[in-house]
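Student: let me see the structure of the following:
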Amino acid sequence: MKKKPGSQIKLRKNVLEQSLCTGCGACVGLCPYQVIFHDRTVQLFDCDLPDGKCYAFCPRTPADYERIRRSLFNADDWTPEIGAVKGYYLSRAGNSDLRLGTQHGGTVTALLQLAMGEGMIDAAVVASHNGGLEQEGKRIDDPALLQSYARSRFTVSPNVAAFHQLPENDLRAVGIVATPCQALALARIKTADVKEYRKVDQLKLVIGLFCGWTLEVEKFQRLLRQHAVSAESIIGMDIPAGKNVLELKTIQGLTNVPMAEIDACVREACRYCMDSTAEFADLSVGAARYGGDAEEMRGWNQVIVRSASGQDLIDLARKKGILEIREAPVQALQELKNAAVEKKKKALKNIVGKSRSAKNLLYLKNDDPVAKKYLK
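Tutor: Below is the predicted model:
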């Protein structure tokens, strides 16, 4: 009888060679065979394990995502556009000094500091850059240090790999800041039937980030050289509302790069992602971009509360004044949903284009209710 290919071989064939790898790190740190090297997931040796965790945890291998949604969220909160919604707010850190050193309103940093201060979590895994564009996940045990890791780089940080690498005998509760693909990987870890992986018991909080794409480091470095910008000089990045540019804040000043040029640097896997709001997180945070005064909104975040633990954290932040919270207008939520639907439709179109069949949705099941709704 012909031997079935091992899970690592299937991962290489169905994900890595298909340019579907998001760089989330879900397959790294589990064994010595797979590593991150220069922004890429690399397989060093072949492994013939038939049911490896690398394949089970990857957000781009087939899975029953409807079952995962039902396992983690209240069905009454579910929306097809942006996943579970228990609450939707505009927020920013109550501490004005904290806001100055963070991305937009500083909501993520404020929530992590609160969760650590209240003993909800003992440590946080966040993205850390090396002085250039490449990033890695880093465990932070001191809440006072979190502000140093609060600015976006728009390149992938394999934060899930950093979670895997936490010591096996370390039972401290952990919170993770995650992009949509990372939040999905963590949801798969939570719901997978992998008995020997007990580290999942440490995972107590996932704060998701809104994300439309990440940049390939090598391509983006070449583009920066064309604009006479060194990666080491960048201290912040942003996409200002309505300006269609990527704003680079450097030690020399501001440089705006047209989004048409940025698009050529987008990671290929991002074009097949249907999730722009981290639907599998406990709560999700992004820049406030709805219509109105763009400069005023630039200092605020949008927050989607998805789980009971996410709601508990937001309620505590409101009670203690850690966050300034506004009830968001209906217009803002509808604009967010509209943008999310466009992302889903475009991703599905690209998926069908890659597979050449509407019956083959790569990592999605044909009967997935979200895929069915927007495949039209």
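Student: what pLDDT does the residue nearest to Leu348 when sequence neighbours are not counted get?
Tutor: Distance criterion CB to CB, 6 or more residues apart in numbering; nearest residue to Leu348, sequence neighbours excluded, is Leu375 at 5.4 Å. The way it works is simple: take the backbone N, C-alpha and C, and place the C-beta from them, glycine included. If you check Leu375, the pLDDT there is 90.
Student: and if you look at Lys3?
Tutor: 62.
Student: equivalent analysis for the one 10 residues further on, please.
Tutor: Per-residue confidence for Lys13 comes out at a pLDDT of 94.
Student: tally of neighbours for the residue nearest to Leu348?
Tutor: The number of residues packed near Leu375 is 17, by other CB atoms under 10 Å.
Student: where exactly do the strands run in the stretch 101-250 of the chain?
Tutor: 123-129, 135-140, 174-178, 203-209, 234-238, 245-250 (DSSP state E, counting those that start in this stretch).
Student: next helix or strand past the last one?
Tutor: Heading C-terminal from strand 245-250, the first helix or strand you meet, by DSSP states H and E, is strand 253-258.
Student: list the buried residues in that following strand.
Tutor: Thr255, Val257 (16 or more other CB atoms under 10 Å).
Student: rewinding a little: among the strands of the stretch 101-250 of the chain, which comes closest to Gly29?
Tutor: With CB to CB as the criterion, Gly29 lies closest to strand 135-140 of the strands of the stretch 101-250 of the chain, at 9.2 Å.
Student: only the buried residues of the closest one, if you could.
Tutor: For strand 135-140, the neighbour count (16+ other CB under 10 Å) marks Gln135, Glu136, Gly137, Lys138, Arg139, Ile140 as buried.
Student: mind pulling the model confidence for the closest residue to the last one other than its chain neighbours?
Tutor: In other words, Ile140. In this structure, Ile140 finds its nearest non-sequential neighbour in Ala124, 4.9 Å apart by CB to CB, 6+ apart. pLDDT, Ala124: 97.
Student: Ala124 pairs with what?
Tutor: Ala124 has these beta-bridge partners by DSSP bridges: Ile140, Gly175.
Student: count residues in the vicinity of it, would you?
Tutor: Neighbours of Ala124 using other CB under 10 Å come to 27.
Student: I'd say Phe280 and Thr191 touch.
Tutor: No - between Phe280 and Thr191 there is no contact under CB atoms under 8 Å: 9.8 Å.
Student: and the two? Which one has more around it.
Tutor: Phe280 (30 against 18).
Student: ok, now how distant is the more buried one from Pro180?
Tutor: Counting by CB to CB, to the nearest Å, the separation of Phe280 from Pro180 is 8 Å.
Student: with Ser91 instead?
Tutor: In terms of CB to CB, Ser91 sits 20 Å off from Pro180.
Student: look through this structure and tell me its longest helix.
Tutor: For the chain, the helix with the greatest residue count under DSSP state H is helix 330-355.
Student: quick one: that one to chain centroid distance?
Tutor: For helix 330-355, the separation from the chain centroid amounts to 16 Å (computed by CA atoms, centre = their mean, to the nearest Å).
Student: show me what that helix packs onto, helices and strands only.
Tutor: strand 87-93, helix 369-374 (3 or more CB pairs under 8 Å, 6 or more residues apart in numbering; DSSP states H and E).
Student: name the residue closest to the centre of the chain, please.
Tutor: Centroid-nearest residue in the chain, with CA atoms, centre = their mean: Thr179, separated by 0.3 Å.
Student: double-check that one against Glu279; I have them as touching.
Tutor: No - Thr179 lies out of contact with Glu279 (CB under 8 Å); the separation is 11.6 Å.
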